[in-house]
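Engineer: give me a model of this one.
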Amino acid sequence: MDKQDVRLHLIEVGAKAFMAKGYHAVGLKEILADAQVPKGSFYYYFRSKEDFCIAIIDHYIRLYAERHLAVLADRARPARDRLLAFFAQEKQYFREKQCQHGCLLAKLALEMALLSEPIRAELQRGMNGWIRTVAACLAEGVAAGEFTLFQPPEIMAEFLYAAWAGAITRMQATQSLQPLEIFTAFAARELGGRLD
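Structural biologist: Purely as a prediction, here's the structure:
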């Protein structure tokens, strides 16, 4: 593997480990062993575990935008339909993962936001990207007369993010999709339409 391939491989292995165990519960030795990368070469790719975590978050943000948020940018569909499709898609993702997967940003925020300013800033960047994307879709829907919001799009998007992140946390605690179903029912009622 060339340098970029090894770096990406380490990021992917690290992301799985952080998602499963968190930042502090997994050591670099374990990640390097899983990745089958010599221990001494880690610092060729990353300055520190903190720098490694920031690279993982950046990778996660880009993948999430490509694979999950992309539905919100499909202007061939009405904005309301895009928002409803987005949350339905997310619910289906967690159904397929049998409630075993959460949100890496939320997981790391709970553990690291107060301990590392660089990690906190990168987490905030990712969350802000979600909020901006949803707010833009909400604003389009309002402009097109598809729905009326009780708050400006930016505030509504903040609320939706907080409620969605909470529903995901609750889903993991209950090992049930019910919290997501409750969220999507409320979102569908507010935005109009159904979330199946």
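Engineer: so residue 172 touches residue 98, yeah?
Structural biologist: No - counting by CB atoms under 8 Å, residue 98 is not a contact partner of residue 172; they are 11.0 Å apart. (Glycine included, C-beta is placed from N, CA and C.)
Engineer: ok, these two, which is more surrounded?
Structural biologist: Ranked by neighbour count (other CB atoms under 10 Å), residue 172 and residue 98 place residue 172 first, with 18 against 9.
Engineer: tell me how far that one lies from residue 83.
Structural biologist: Separation of residue 172 from residue 83 (CB to CB, to the nearest Å) stands at 23 Å.
Engineer: now do residue 34
Structural biologist: From residue 34 to residue 83 the distance is 37 Å (CB to CB).
Engineer: more neighbours: those two, which one.
Structural biologist: Set residue 34 next to residue 83 and count neighbours by other CB under 10 Å: residue 83 wins out with 29 against 14.
Engineer: for the more buried one, which residues are in contact?
Structural biologist: Applying CB atoms under 8 Å, 6 or more residues apart in numbering, we find residue 83 in contact with 72, 134, 137-138, 141, 187, 191.
Engineer: got the domain ranges for the chain?
Structural biologist: Annotated domains of the chain cover 1-46, 63-191 [automatic domain parsing].
Engineer: contacts for the host helix or strand of residue 33?
Structural biologist: Using DSSP states H and E, residue 33 sits in helix 28-35. For helix 28-35, the external contacting residues (CB under 8 Å, 6+ apart) are 9-10, 13-14, 17, 38-39, 42, 49, 52.
Engineer: report the buried members of these.
Structural biologist: Buried residues within those, counting neighbours by 16 or more other CB atoms under 10 Å: 10, 13-14, 17, 42, 49, 52.
Engineer: before we move on, the earlier item: past the helix holding residue 33, which element shows up next along the chain?
Structural biologist: Taking DSSP H and E, what comes next after helix 28-35 is helix 42-45.
Engineer: just checking, what packs against the helix or strand harbouring residue 55?
Structural biologist: Using DSSP H and E, residue 55 maps to helix 49-67. If you count contacts as 3 or more CB pairs under 8 Å, 6 or more residues apart in numbering; DSSP states H and E, helix 49-67 packs onto helix 3-21, helix 104-112, helix 117-143.
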